[in-house]
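In: need coordinates for the below:
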Amino acid sequence: MKITKNSVVTVDYSVVDAEGNLVDEGAKPISYLHGGYESGLFPKIEAALDGKDVGYSVDVELAPEDAFGDYEEELVEVEARSVFPAELEVGMQFERGEGDEAESLFYAVMEITDDKVVLDANHPLAGLVLTFSCTVTGVRSATPQEIKEKAAIQP
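Out: Predicted structure coming up:
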């Protein structure tokens, strides 16, 4: 069966950065509803898989704008250490938003000193060129319920 809109596609995959460092080993296959849905893969990857079938392998290079976006310096903030709990570690995340209208962002703690904390709301892979390598291991027609829900599909 060929991959078309409303196919459930399963791929084995891995992701490396521009220097060849492993970013995601793809320990578990990804299954998604093909056709440009929000829960699907990045559009450039879906385009590379469109019309293909089981056994097809491809490496897709993703520029930042094709994946997690450019790194935005304005999403880095420095706050007083005193506004955080005593138990604070690099890597912890906090959700912050301003008012009911603003969209909340998740900030990761990047650095802690005696008097300040550096927070970053960029995706950890923002600004990176990535190569997504995958092999199609399954293709089937989606059920009407899967299409209606347009949700992530479990393999």
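In: when you work out contacts or count neighbours from here on, use the C-alpha atoms and nothing else.
Out: OK.
In: list phi and psi for the residue nearest the centre of the chain.
Out: In the chain, the residue lying closest to the centroid (CA atoms, centre = their mean) is residue 68, at 6.7 Å. Backbone torsions for residue 68, taken as degrees, to the nearest 10, come to phi -100, psi 10.
In: state the pLDDT value of it.
Out: Residue 68 carries a pLDDT value of 95.
In: spatially nearest residue to it (excluding sequence neighbours)?
Out: In space, and not counting its chain neighbours, residue 68 is closest to residue 126: 4.9 Å by CA to CA, 6 or more residues apart in numbering.
In: quick one: low-confidence parts of the protein?
Out: Residue ranges of the chain with pLDDT under 70: 98-102, 151-155.
In: now do 80
Out: Low-confidence segments of the chain (pLDDT under 80): 39, 96-104, 150-155.
In: where do the strands sit along this protein?
Out: Under the criterion DSSP state E, the chain carries strands at the ranges 7-17, 22-24, 30-33, 57-62, 76-80, 93-96, 105-112, 116-120, 130-141.
In: ok, now how distant is the closest residue to residue 67 other than its chain neighbours from residue 113?
Out: Leaving aside its chain neighbours, residue 67 sits nearest to residue 42 (6.5 Å; criterion: CA to CA, 6+ apart). Applying CA to CA, to the nearest Å, the value for residue 42 to residue 113 is 38 Å.
In: alright, I will stop here.
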